[in-house]
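Visitor: With the sequence up front, the predicted model follows.
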Amino acid sequence: MAPSEPMLSMDNVSVEFTDDGGLLNVFGDSETVRAVNDVSLELGEQETLTLIGESGCGKSTLGKTAIGAQKPTSGTVSYRGQDIWEARNDSANAEIPFDEIRHSLQIIHQDPGSALNPNQRILTSLMLPLKKWYPDLGREEREERIHTLFERVGMSPPSDYLNRYPHQLSGGETQRAVLVRALLLNPDLILADEAISALDVSLRVEMMDLMLELQDLFQTSYLFISHDLSNARYIAEKSGGRIAVMYLGEIVEIGTVDEIVENPQHPYTKALQWATANLYEDEDDEEFPLRKIDVPDPTNLPSGCSFHPRCPNAREVCKRQHPGRIHAGGDEENYARCFRADEHHEYWNSPEIADEPPVDPQ
Ligand SMILES: Nc1ncnc2c1ncn2[C@@H]1O[C@H](COP(=O)(O)OP(=O)(O)OP(=O)(O)O)[C@@H](O)[C@H]1O
């Protein structure tokens, strides 16, 4: 790996799904969803990035593509400079074998139980991956590693938990066991896909704290996926990480907590903030921040800026021009895809969209 090579990089990645309607589609029509649209992203060592956005915007697809579980339709995903799909297709000639990449990029799901075999005791489920990836470790050493980590995540005495079956653990305990399972492999990146959403509110902060504490110990990067801006803020604030806002497959804004929560540039980020009760401080400002409530059909994306049909600030230019990455100041890596972030853009002289007045959500 070159010294400046990021741990993970995605370059102009798009992912499309084509639905041909199956056997009942007598007309042979097919529809294509562009779940991820031209995303470029880098993740460094021990970095934390939280992806937020409403349901269906492409968070999970982007996350799975980042860890090599979903093939991009176009663009490349590289781990330490090695194209993941080249390694997968031709492991013999890859500088980093695909097995090593797979082992370095782990996932924790919203439903942690799905990662554990319901018919196996927790200990067996945790021993198997260790045996596979670290065949030189003896049984005792493997057990010792698992016990140490169980103590570390507060599941003590470990044998009490390790001898149980998954259904005998609570949701929070299962999520910890799955976190231990991922960490045992010493991954460079953990994709946490809505990993705390199913937990009771009281346990969420505890789980986020635990994951961030263990980040220092294991020097792991995290890609958190959440639909909740207040969780994203908590994680980004504690870790000093960034937040990326997704809308219809694109990252429309990315930045630090100060940029995304305190001073959002994109009207969609502002709408997410408005919808998050404890983040919206201007109580006198009742104005609904969307022109339309409904999300456009992802198989037929709007022209220009894909947010323009819902955007309260949209002008004519937004219908025809697609906004690039506009750096609103701060870190070079951070940007908003909105003309309003560029004070010299022709947007400011463009007429407002007259035909579709903003709607009242009532
Ligand atoms: N395997 C698939 N086949 C067809 N379409 C898919 C597939 N996976 C995802 N999609 C579509 O891609 C788009 C993005 O889905 P994705 O699950 O990535 O979004 P998301 O933001 O993670 O949503 P959620 O928060 O509800 O999980 C959606 O329109 C979804 O229906």
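Guide: Done, it's in. Numbering: from 1, shown residues only.
Visitor: Can you name the residues of this protein that neighbour the ligand?
Guide: 17, 19, 33, 35, 53, 55-61, 227, 298 (C-beta under 6 Å from any ligand atom). The way it works is simple: take the backbone N, C-alpha and C, and place the C-beta from them, glycine included.
Visitor: Please give me every residue in contact with the spatially closest residue to Asp294 that is not a sequence neighbour.
Guide: Excluding the flanking residues, the one nearest Asp294 by C-beta to C-beta, 6 or more residues apart in numbering is Arg310, at 7.9 Å. For Arg310, the contact set (C-beta atoms under 8 Å, 6 or more residues apart in numbering) comprises Tyr268, Ala271, Leu290, Arg291, Lys292, Ile293, Asp294, Val295, Pro296.
Visitor: Give me the three-state assignment for Arg310.
Guide: Assigned with DSSP: H, G, I helix; E, B strand; the rest coil, Arg310 falls in the coil class.
Visitor: Next: Leu191.
Guide: Leu191 is classified as strand under three-state DSSP.
Visitor: ok, it to Glu333 distance?
Guide: Between Leu191 and Glu333 the computed distance is 20 Å (C-beta to C-beta, to the nearest Å).
Visitor: One more: Ala87?
Guide: 26 Å.
Visitor: Repeat that for Asp11.
Guide: Going from Asp11 to Glu333 by C-beta to C-beta gives 14 Å.
Visitor: Next: Ala271.
Guide: Separation of Ala271 from Glu333 (C-beta to C-beta) stands at 23 Å.
Visitor: Between those two, tell me which one has more neighbours.
Guide: Ala271 (20 against 12; other C-beta atoms under 10 Å).
Visitor: I'd like the average pLDDT over the helix or strand hosting the more buried one.
Guide: Using DSSP states H and E, Ala271 sits in helix 267-274. Helix 267-274 shows a mean pLDDT of 91.
Visitor: for stretch 335-342, same thing?
Guide: 94.
Visitor: residues making contact with that stretch?
Guide: In contact with stretch 335-342 (C-beta under 8 Å, 6+ apart) are residues 250-255, 264-267, 269, 305, 307, 313, 317-318, 321, 323-328, 345-347.
Visitor: In strands, which of those residues appear?
Guide: Among those, the members found in strands (DSSP state E) are Glu250, Ile251, Val252, Glu253, Ile254, Gly255.
Visitor: Wait, the third one touches Lys270, no?
Guide: No. Contact status for Val252 versus Lys270: not in contact, 11.2 Å apart, counting by C-beta atoms under 8 Å.
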